[in-house]
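> Quick one, structure for this:
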Amino acid sequence: MSEAIEIYDDRIKLLIHPDAVLQKIASGVVWSEGPVYIREDDSIIWSDAHGNRLLRWSDLDGVSVLRDPSDFQSGNYRDREGRIVACSSGLRAIIRQEFNGEWQTLVDRYQGKRLNSPNDLVVKYDGTIWFTDPPYGLTQPNQGYGGTQEQVGSYVYRFVPDTGEIEAVITDMLRPNGLAFSPDEQILYVSDSSAFDLPNGYHHIRAYDVVNECKALNGRVFTEISPGEPDGLRVDIQGNIFVTSQDSVQVYAPDGTHLGKILVPETCANLTFGGQEGDRLFIAASTSLYAIHLNTRGTQLL
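Residues are numbered from 1 along each chain as shown. Model (predicted):
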């Protein structure tokens, strides 16, 4: 087994190739965030969230800059039509890149008040966008343009692009951050990173039942993450949860068993599955972008 892997349960041996090697494929970033895989040209687009840039990497072309400034773009995803949808902490909005290359704001308000600073998002099979809205772009000088918080809390929202409808579906978290659906979209996992800036904050992942395709109910703690706080997370086709932490990508079975860690020499912020077979894990960690081949595939590929 690779030296990059810590084993806590033998089930992790089925998920990670025995000879898997963690590769650093890009560096020179202020703070890596929000990677998304583009199958058409086998590339990764990701955010230099604190450097206020949007970057692209491929084996063929290396690293290039797509947007500078990027209005503190953070989490990125693809919608059902293949367009990139993203969280803009600077604009306090969810934005989308149209087929002509232009970026437009999809939503920036809830109940007539400005959002805090959207951080991460996922697109459900029905095309709805679910996103987290902590205040880091208002409170942290390197994550946004600042401003006054207008929402009374930090919520998880469900947004319907076709109608413009927005609803707060989770209101009982302090700092919702990364999020991902189970393979059948019946469970929504959300990380709470509030220990980062609140004395009595949390560093756990909560799980919610998705009811009637549009409600998130029965919230409970799935697991606590240490060291550091959980940030981005993704789920494979078997329902295993891959979550970033201070020292690694930690891997959990759907029953909550901690299977092991993929050790990374920098603090991990976010991740995505990619590669033509969907079995390569790309990890946005501090100043770099890493990749490792797995024996499992992600659920979020088009």
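
> remind me which residues of the stretch 201-302 of the chain are low pLDDT?
Across the stretch 201-302 of the chain, the ranges flagged by pLDDT under 70 are 301-302.

> List of residues touching the longest strand along the chain?
Scanning the chain for the strand with the most residues, using DSSP state E, yields strand 215-224. Residues outside strand 215-224 that contact it (Cβ atoms under 8 Å, 6 or more residues apart in numbering): 156, 169-170, 172-173, 188-189, 202-211, 241, 252, 256, 258. C-beta: built from backbone N, CA, C; applies to glycine.

> Can you list the buried residues in it?
216, 219, 222-223 (16 or more other Cβ atoms under 10 Å).

> just these now: which is nearest residue 182?
residue 222 (10.9 Å; Cβ to Cβ).

> how far away is that closest one from residue 253?
11 Å (Cβ to Cβ, to the nearest Å).

> Identify the contacts common to the two.
residue 241.

> residue boundaries of the helices in the stretch 1-150 of the chain?
136-139 (DSSP state H, counting those that start in this stretch).

> Any regions of it where pLDDT drops low?
1-2.

> re earlier: for the buried residues of strand 215-224, work out which two are farthest apart.
Of all pairs in those, the most separated under Cβ to Cβ is 216 and 223 at 17.8 Å.

> circling back: can you say which of the contacts of strand 215-224 are buried?
By 16+ other Cβ under 10 Å, the contacts of strand 215-224 give 156, 169-170, 173, 188-189, 202-208, 210, 241, 252 as buried.

> Which of the residues you listed fall in helices?
Among the buried ones among the contacts of strand 215-224, no member falls in helices (criterion: DSSP state H).

> Would you point out the most distant pair within the residues you listed?
Of all pairs in the buried ones among the contacts of strand 215-224, the most separated under Cβ to Cβ is 203 and 210 at 23.8 Å.

> circling back: tell me which of the buried residues of strand 215-224 is nearest to residue 151?
residue 216 (17.3 Å).

> Who does the residue nearest to the closest one when sequence neighbours are not counted form a beta bridge with?
Spatially, and ignoring its direct neighbours in sequence, residue 216 is nearest to residue 208 (3.9 Å; Cβ to Cβ, 6 or more residues apart in numbering). Beta-bridge partners recorded for residue 208 (DSSP bridges): residue 188.

> show me the contacts for residue 208.
Residue 208 makes contact with 170, 187-188, 190, 216-219, according to Cβ under 8 Å, 6+ apart.

> export those to JSON lines and tack on distance to residue 146?
Output for those, formatted as JSON lines (distance: Cβ to Cβ, whole Å):
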{"residue": "170", "distance to residue 146": "25"}
{"residue": "187", "distance to residue 146": "35"}
{"residue": "188", "distance to residue 146": "30"}
{"residue": "190", "distance to residue 146": "25"}
{"residue": "216", "distance to residue 146": "30"}
{"residue": "217", "distance to residue 146": "35"}
{"residue": "218", "distance to residue 146": "36"}
{"residue": "219", "distance to residue 146": "31"}
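
> Closest one to residue 119 out of these, please.
residue 190 (11.0 Å).

> Can you get me a residue count around residue 11?
Residues near residue 11, counting by other Cβ atoms under 10 Å, number 15.

> In contact with it, which residues are there?
Taking Cβ under 8 Å, 6+ apart as the test, what residue 11 contacts is 253, 257, 259.

> Could you check how far the residue nearest to residue 216 is from residue 262?
26 Å.

> Which residue, other than its chain neighbours, is closest to the most centrally placed residue in the chain?
For the chain, the residue nearest the mean C-alpha position is residue 232 (3.8 Å; Cα atoms, centre = their mean). Once flanking residues are discounted, residue 232 sits nearest to residue 270: 3.1 Å by Cβ to Cβ, 6+ apart.

> so which strand or helix has that neighbour?
strand 268-274 (DSSP states H and E).

> residue contacts, the residue lying closest to residue 66 once chain neighbours are set aside?
Nearest residue to residue 66 in three dimensions, chain neighbours excluded: residue 54, at 4.5 Å (Cβ to Cβ, 6+ apart). With contacts defined as Cβ under 8 Å, 6+ apart, residue 54 is in contact with 45-48, 65-68, 70, 73.

> Which of these sits closest to residue 80?
Checking the contacts of residue 54 against residue 80 with Cβ to Cβ, the nearest one is residue 45 at 17.5 Å.

> how distant is stretch 158-172 from the center of its chain?
Distance, stretch centre to chain centre, for stretch 158-172: 18 Å (Cα atoms, centre = their mean, to the nearest Å).

> pretty sure residue 290 belongs to a helix, no?
No: counting by DSSP: H, G, I helix; E, B strand; the rest coil, residue 290 is not found in a helix; it is strand.
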